[in-house]
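[1] I'll drop the sequence and a predicted model, then ask my questions.
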Amino acid sequence: MTVADTPDTSSAKTPKPATAAPSAKTVPLKERLLRTPVALPLMTFLLLLILWEAGTRIFAVPSYILPSPSRILFGFEAVPAGRWVEHIWATLRVALLGYLVSFVVSLPIAVGLAKSRLLSGALYPLLVVIQSVPVVAVAPIIIVVLGTGDAPRVVITFMISFFPLVVSMTTGLAATPPELIELSRSLRAPSFREITQIRLPYATPYIFSGMKISITLAVIGAVVSEFVAAEKGIGYFIQFSTSMFKLPQAWAGLVILVAMSLLLFQIVSQTQRIFFPWSLPKGQK
Amino acid sequence: MTVADTPDTSSAKTPKPATAAPSAKTVPLKERLLRTPVALPLMTFLLLLILWEAGTRIFAVPSYILPSPSRILFGFEAVPAGRWVEHIWATLRVALLGYLVSFVVSLPIAVGLAKSRLLSGALYPLLVVIQSVPVVAVAPIIIVVLGTGDAPRVVITFMISFFPLVVSMTTGLAATPPELIELSRSLRAPSFREITQIRLPYATPYIFSGMKISITLAVIGAVVSEFVAAEKGIGYFIQFSTSMFKLPQAWAGLVILVAMSLLLFQIVSQTQRIFFPWSLPKGQK
Amino acid sequence: MALAGNAINFSGVGQTFLTGTGSLTALDGVSVTIAQHEFVAVLGPSGCGKSTLLRLTAGLMKPSTGSVSVFGLSVTQPRDDVGIVFQKPTLLPWANVEDNVVFPARHKLGRVTPEDRAQAQAIIETVGLAGFEKRLPSELSGGMQQRVGIARALFLNPDILLMDEPFSALDALTRDMMGFELLRLWQASPKTVLFITHSIPEAALLADRVLVLSERPGRVIADLPVPTSRPRDETSLGTPEMQDYAAHLRSLLIRKEAA
Amino acid sequence: MALAGNAINFSGVGQTFLTGTGSLTALDGVSVTIAQHEFVAVLGPSGCGKSTLLRLTAGLMKPSTGSVSVFGLSVTQPRDDVGIVFQKPTLLPWANVEDNVVFPARHKLGRVTPEDRAQAQAIIETVGLAGFEKRLPSELSGGMQQRVGIARALFLNPDILLMDEPFSALDALTRDMMGFELLRLWQASPKTVLFITHSIPEAALLADRVLVLSERPGRVIADLPVPTSRPRDETSLGTPEMQDYAAHLRSLLIRKEAA
Amino acid sequence: SAADLVTYQLDWLPGGDKAPIYVCVQEGFCQEAGLEIKIEPGRGSSEAITKLATGTSDIGSAGLGALMAARATEGVPATAVMSIFNMGPHAFYTTADTGITSIKDVKGKKIATSPFTSSNVFLPLVLADNGISEDDITLTKSDPGALGPLLMTGQSDAIIAWLTDVSRYTGQAKEAGKEIVILPWADAGLELYSAALVASDTFLSERPEVAKRFVAAFKKSLEFAYENPDKAAAAVAAMVPELSAEDVKGSWLDASKLAFNEVTETYGLGALDADRLQATWERVAASQDLDPASLQPEDVVDRSFMPASE
Ligand SMILES: Nc1ncnc2c1ncn2[C@@H]1O[C@H](COP(=O)(O)OP(=O)(O)OP(=O)(O)O)[C@@H](O)[C@H]1O
Ligand SMILES: Nc1ncnc2c1ncn2[C@@H]1O[C@H](COP(=O)(O)OP(=O)(O)OP(=O)(O)O)[C@@H](O)[C@H]1O
Ligand SMILES: [Mg+2]
Ligand SMILES: [Mg+2]
């Protein structure tokens, strides 16, 4: 029998005993790095940037195919800061509004789907339909019906981002242990409290899993909606710059877009970490 | 205290006692309907079709805004059947290949994310980046690098459909009860069997939740990839017909697309129902 | 203690489940009456349908055959005056001990008053969890979790208390202590108790009457009043009368095995 | 039975957990030696660290202070020759009874031979689950699930068997039956057993030695050999010697309460 | 010997306005020139130019303005070898009931355009030429498919679209019971080249003979298509099953006016006149905010591949 010298290296899964409880402050560097949610991704990105810059230089990649990071940096200067802010705000506003609508609409739908098989049979296919309709095909109706303000863009964002929320919420709501449902029934509590006080909290890990997917889809949705109807926004800016062959500037837009997605994703993740720590799997608290 | 006459109406959640075990064959109509996965959605659709047809007729909606179902029917004739098959096959092939790639790529990534916080910190943001880059912006590189065959389209489909799989799989893999992980560790089983024999089966409900989202995204991905680069496929056909102002024909394509999504979604759902019945929430078996 | 009227009545109760591989009869022809304020223990081999009997009483399930009535009314849905301790603790993982205990108030009525909190505090002390009010269930041992479940069932001060092996996860000491505490509570504010257990001494010590169920399908094979009068204490079990009684219960359970 | 050499050795073992609200010492200065083929029971109040002690022995955790060794080697990771019965059944919900029992073979070695299946069948019969081989855990009662867990731990025929309240969910009958069955197995193929329980009679009936732990932080407050020789049966508990022994254990547990 | 394979890049999806290349294949002009053609649909001029620049395609149609911008900003290795449409296709479409009869009338009106059409960059110039400022109109941008509906439902007073779509919008107007009115920008002074035959520099330098043969065959096809619109339509419909000959014919007739007109009569078919090139570049530079000195328009073209005029 082999007995390893370094014990318990794979113990990330078990509750961590405080091996050195009194001197708990001397957390090893590796641990400290892991606890900073920013340092590690940042390092990855720096590495990628360097590789990218080197790659485009070594292989002399023409900038109309892939501009180097340094050229993209100049792309930011192409547009005054104020204009950037306008673009960012336009996209952010639509993404957040669409996300909100998705959430607000998904919740009752998921509750319905989880509680009633009749509804589930009738509604699920409809949701799949909405989810799978390409936006271009229905853009004319949406625009004719909703005009050209934020409304059509929010609806398009909703159409693109709501589905993962519904699926995750429904899965989560149905995953509640039956004993707790029996407890609720035995208390003869109103049905909505079974939802709000038992099923929803239990569904929290699932809901956040859906919210993480949806938030990035909401940004994509906002961008797609800008392809269809907009005169402002990062998506519009990227497409516009591309059609003008101003590629470094288009890539600058892309960088901002990606940063926006990352930020929103982090906000959702951190919301879960801070406000719903019990919903995180063990070892991630 | 009120005691209702019709007992136990909300007992869908508790294990169903065989109230009339001997005459179990006389299942009430409602139940029988619910067990047919086709009848109910079909009825919903018929109802919607009738409303749609009536609506377009009563309000005389011009067909360049919203064609009526009967006009869409004529849209199918615009193209010979053989050509439809070619289009469908082109889209289906790319969607399925992209889905497959998504699955195959997501699995090891999710395992890595679930097992290592270091990897998780470095990789998650990268995934969000890939997920949030609008395809149009990077399409030129993809096409230049991968040529004009199926490859760029499969990659685009992958980019659009892999994220929900990774998120759901990761959530699921981390949700395994710690006792079972202890059992695995106490057996000193190779780490991959902890994954294949414990974590993965436990993650099954989450994985299917992700797979349901992803399959419709794979279809969307195939369609989007056809918007960007293709000479065939339902997405191409819809885009083409729209740009030629042939709305009934575009809607015919849309109908086929939606049918394809529904079918694939059903296949995923039924796969879970038939092969992994224990992974379904109680009352849906 | 005065026994006034009937609290629970089973008449010809049977329960059959549909399983993946056929059907399974868990209970068959159970006819029993439990008087108000009576403390009835149920003994029986594992899988004989004890939990099922409790679920039927709670109105969480409808019998396949026969009928269950509580205070003269047929049980068709859960009632307000019934508290349940489940076989598994089934706590809310996100709520601390105190919040789990006051959960019935929050869940049923939608609000928690300071009186509720005071009441919860008293019960938490009774079950020996003082000082753990703010702990999450995941930070408690298995036995402590079960005690939270008991506290929660007591919280609404129900007329009928249904307990499904509430003490099986407790250590011997806590078990005895909780048993006597339960008796004290029961005497202070009289309740009808249906108490499922695997322990013959526990049944003999706590109950007025013990029902013994057969192996599946569960039938009542004995319905025996406990021969000793109350109040009882640890020594009560030592009397020859009680030793005989316990031996009889044991033999009933074993006889079934032989059959 | 010959006791050859030391199987398990705890020296100065302490365990401290970091919790959300500070740190919590579960075990403190536990120094005990268990000989090979010895059957040792551990008694102690709920939450005193019994499960923690077992986890340390299994190599699933490293002690904060002190060291644990098995067969003379410091425990730094799980070992092949240790079988564990967990406090919760922890079965695979998608696998039927038989597949759960043979799971250690499938999981450790990647394959299941016909001999494995035959072996599993024998053990399933031993734990009284014959006829339930193809049932899923969700179709079993709580007690039956726990028996599957015991069968699984016995399957690899380990030298050391760690059992965390294995019988607490069983009915009295099955409990006794399983206890004697465990003794039979232990005598037929000698094993070192560390047996956590809440039941004094159970500890006295099964063990060579009983360790009593104090309330948290758990310390060994007594280490008492059982006075009766083997083989034992139901009547063994009736002897005055054993009555005294049980009373002594009880007083130790209660004394702690008073303190 | 085997025919030379040439990949032809469309700047948009197949359609009537792309008839010449289909004629070249179907009527055998390309085959006669020893060429085998592979037609790649495109998604806009910039995308087509990128594909040509990277050598993914050999030659194709793309906006000359877009090529100039791509040259000025990124120096892409692609060159125009022949003009196809020598007039801008841009126009206002309106309906008779709006009372708009000239470009000057759009002042104060609601106008819809698609978000990324090249027309948008010329709009300020056209408006300025007609004494209107951008603030005088309400411009909304929406999906091309929505423009017709917006016009027909009266949500917009006019839309900006291309002259290649006359027959399609006329069809929609008919369904809506309205009469379409078209105000081409070229009539109001916007003189510029639009679609041109653009080739990859690699293609031109590595296979100049093939390029010459192709340009000649293409020119022949263009003329043939103009003279035989029915056959041109049939050629497209034969290769694009989604299109019927009637659809194609309408849009080819609309489009061919951009290739055969008074400019053609003056300079000849396919010609790239230096002055008109300069005018085009000035317009492009002004509209896209580029330095006029950053490009010599002559650098963008290479007339040596044109067949000597008969
Ligand atoms: N929902 C269900 N579906 C199918 N079978 C069930 C269901 N619930 C219980 N059973 C079966 O009914 C029988 C009785 O179950 P029950 O839980 O009432 O037993 P029990 O007497 O409480 O057992 P234990 O003492 O082990 O808790 C068992 O054999 C069990 O497998
Ligand atoms: N992972 C952990 N994190 C924090 N505290 C823990 C952890 N595991 C156990 N504890 C605490 O350590 C103490 C001892 O736990 P343990 O499970 O060993 O008790 P036990 O003696 O087995 O109790 P029981 O008889 O109720 O099962 C308890 O107070 C428990 O709350
Ligand atoms: Mg039970
Ligand atoms: Mg324990």
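    Great, that's in hand. Numbers count the residues shown, from 1 in each chain, chains lettered A, B, ... in the order given. Ligands and ions are numbered 1, 2, ... in the order given.
[2] Pull up the residues of the stretch 1-150 of chain E that are close to chain A.
    E:44-46, E:49-50, E:53-54, E:66, E:69-70, E:73-74, E:76, E:112, E:115-116, E:118, E:121, E:139-143, E:145-146, E:148-150 (Cβ under 8 Å from any Cβ of the partner chain). All C-beta atoms are positioned from the backbone trio N, CA, C, and that covers glycine.
[3] Return the subset of the residues you listed lying in strands.
    Counted as lying in strands by DSSP state E, out of the residues of the stretch 1-150 of chain E next to chain A, are E:112, E:139-141.
[4] From those residues, pick the one nearest ligand 3.
    Of all these, ligand 3 sits closest to E:Lys141, with 67.3 Å by Cβ to the ion.
[5] Around chain E, pick out the residues from the stretch 1-150 of chain A.
    So the stretch 1-150 of chain A meets chain E at A:62-65, A:136, A:139-140, A:143-144, A:147-148 (Cβ under 8 Å from any Cβ).
[6] 7 Å instead?
    A:63-65, A:136, A:139-140, A:143-144, A:148 (Cβ under 7 Å from any Cβ of the partner chain).
[7] and the residue nearest to E:Ala53 when sequence neighbours are not counted, what pLDDT?
    Spatial nearest neighbour of E:Ala53, excluding adjacent residues (Cβ to Cβ, 6 or more residues apart in numbering or on different chains): E:Val76 at 4.0 Å. As summarised for this prediction, E:Val76 has a pLDDT of 92.
[8] Look at E:Val198 and give its secondary structure.
    strand (DSSP: H, G, I helix; E, B strand; the rest coil).
[9] Equivalent analysis for C:Thr90, please.
    C:Thr90 - assigned by three-state DSSP - is coil.
[10] any idea how far it is from E:Gly75?
    71 Å (Cβ to Cβ, to the nearest Å).
[11] Now the residue in the stretch 51-200 of chain C positioned nearest to ligand 3: which helix or strand?
    Closest to ligand 3 within the stretch 51-200 of chain C is C:Ser51: 3.1 Å, counting by Cβ to the ion. Under the criterion of DSSP states H and E, C:Ser51 resides in helix C:50-58.
[12] Show me which parts of the helix or strand that that helix is followed by are buried, residue by residue.
    Sequence order places strand C:65-70 as the next helix or strand after helix C:50-58, per DSSP H and E. Neighbour-count burial for strand C:65-70, counted by 16 or more other Cβ atoms under 10 Å in any protein chain shown, picks out C:65-66, C:68-70.
[13] Wait, a helix at C:Val210?
    No: assessed with three-state DSSP, C:Val210 is strand; it does not lie in a helix.
[14] thought it was touching C:Ile221?
    No: the criterion here is Cβ atoms under 7 Å, and C:Val210 misses it with C:Ile221 at 11.4 Å.
[15] in the stretch 101-250 of chain A, which spans are helices?
    Counting by DSSP state H, counting those that start in this stretch, one finds helices in the stretch 101-250 of chain A at the ranges A:117-132, A:135-146, A:150-174, A:178-186, A:191-193, A:200-228, A:234-243, A:247-275.
[16] actually the stretch 101-250 of chain C, not the one I wrote
    Counting by DSSP H, counting those that start in this stretch, the helices of the stretch 101-250 of chain C are C:103-109, C:114-126, C:142-155, C:172-188, C:200-206, C:240-258.
[17] Ok, which of those helices comes nearest chain A?
    helix C:103-109 (4.6 Å; Cβ to the nearest Cβ).
[18] packing partners for that closest one?
    Applying 3 or more Cβ pairs under 7 Å, 6 or more residues apart in numbering or on different chains; DSSP states H and E, one finds that helix C:103-109 contacts helix C:142-155.
[19] residue contacts, residue 185?
    Since you didn't name a chain, this refers to chain A. C:60, C:78 (Cβ atoms under 7 Å, 6 or more residues apart in numbering or on different chains).
[20] Chain E is the one I meant
    E:Trp185 neighbours (Cβ under 7 Å, 6+ apart): E:88, E:90-91, E:122, E:126.
[21] cutoff 8 Å now
    Contacts of E:Trp185 were listed using Cβ atoms under 8 Å, 6 or more residues apart in numbering or on different chains, and they are E:88, E:90-92, E:103, E:119, E:122, E:126.
[22] ok, now A:Ile156?
    A:98, A:135, A:139, A:142, A:221, A:224-225, A:228.
[23] Could you list which of those residues also contact chain C?
    Okay, of these, nothing touches chain C (Cβ under 8 Å from any Cβ).
[24] Just put the ones in strands among the residues of the stretch 1-150 of chain E next to chain A in CSV and tack on neighbour count, distance to A:Ile274 and pLDDT.
    As requested, these are exported to CSV (neighbours: other Cβ atoms under 10 Å in any protein chain shown; distance: Cβ to Cβ, whole Å; pLDDT from 0 to 100):
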residue, neighbour count, distance to A:Ile274, pLDDT
E:Ala112, 28, 46, 93
E:Leu139, 17, 45, 91
E:Thr140, 22, 42, 89
E:Lys141, 24, 40, 88
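[25] circling back: among C:Val210 and C:Ile221, which residue is more densely surrounded?
    More neighbours surround C:Val210 than the other of C:Val210 and C:Ile221, with 26 against 16 (other Cβ atoms under 10 Å in any protein chain shown).
[26] Pretty sure that one sits against C:Ala204.
    Yes: applying Cβ atoms under 8 Å, one finds C:Val210 in contact with C:Ala204, separated by 7.0 Å.
[27] which residues do those two both contact?
    What both C:Val210 and C:Ala204 touch, as defined by Cβ under 8 Å, 6+ apart, is the set C:226, C:249.
[28] chain center to stretch E:301-309: distance?
    Distance, stretch centre to chain centre, for stretch E:301-309: 20 Å (Cα atoms, centre = their mean, to the nearest Å).
[29] Most proximal residue of the stretch 1-150 of chain E with respect to chain C?
    For the stretch 1-150 of chain E, Cβ to the nearest Cβ, closest residue to chain C: E:Asp143, 45.7 Å.
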